[in-house]
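Undergrad: Here is a sequence together with a model predicted from it:
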Amino acid sequence: MDPNEPILTAARAFAVYIFMLIVIRALGKRTVGNCSAFDLLAALMLGEVVDEIAHVAADHVRVRA
């Protein structure tokens, strides 16, 4: 395991947190409050898919470098 991996993971998590905070503030509390359980579940699943794509792309770049 790369020694920088935990630092990169923490930085990525912090960036996602800040992005989501901005999105929630922009949409407003009522918009987020009107989401159903299905909407939240779909958002989590979409996030997981994007995360997997990002990790595969990062691994591919490391292999080619």
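TA: Arrived safely, thanks for sending.

Undergrad: Tell me how many other residues surround the nearest residue to C35 once chain neighbours are set aside.
TA: Closest residue in space to C35, ignoring its immediate chain neighbours: A43 at 7.9 Å, by C-beta to C-beta, 6 or more residues apart in numbering. C-betas here are computed from N, CA, C, even on glycine. A43 has 12 neighbours, counted by other C-beta atoms under 10 Å.

Undergrad: What separation is there between A43 and D51?
TA: 13 Å (C-beta to C-beta, to the nearest Å).

Undergrad: returning to what we had before: would you mind measuring from the residue nearest to C35 to I22?
TA: Separation of A43 from I22 (C-beta to C-beta): 15 Å.

Undergrad: Point out where this structure drops to low pLDDT.
TA: Scanning the chain for pLDDT under 70 picks out 1, 32, 57-65.

Undergrad: Domain-wise, how is it divided?
TA: 1-34, 35-65 (automatic domain parsing).

Undergrad: can you give me the helices for this structure?
TA: Per DSSP state H, the chain carries helices over the ranges 5-27, 29-33, 37-64.

Undergrad: now the angle between helix 37-64 and the first one, please.
TA: Relative orientation of helix 5-27 and helix 37-64, computed by axes from the mean of the first three to the mean of the last three C-alpha atoms, to 10 degrees: 140 degrees.

Undergrad: so how far is helix 5-27 from its chain's centroid?
TA: Remark: helix 5-27 is offset 7 Å from the chain centroid, using C-alpha atoms, centre = their mean, to the nearest Å.

Undergrad: Having no further points to raise, I will conclude here.
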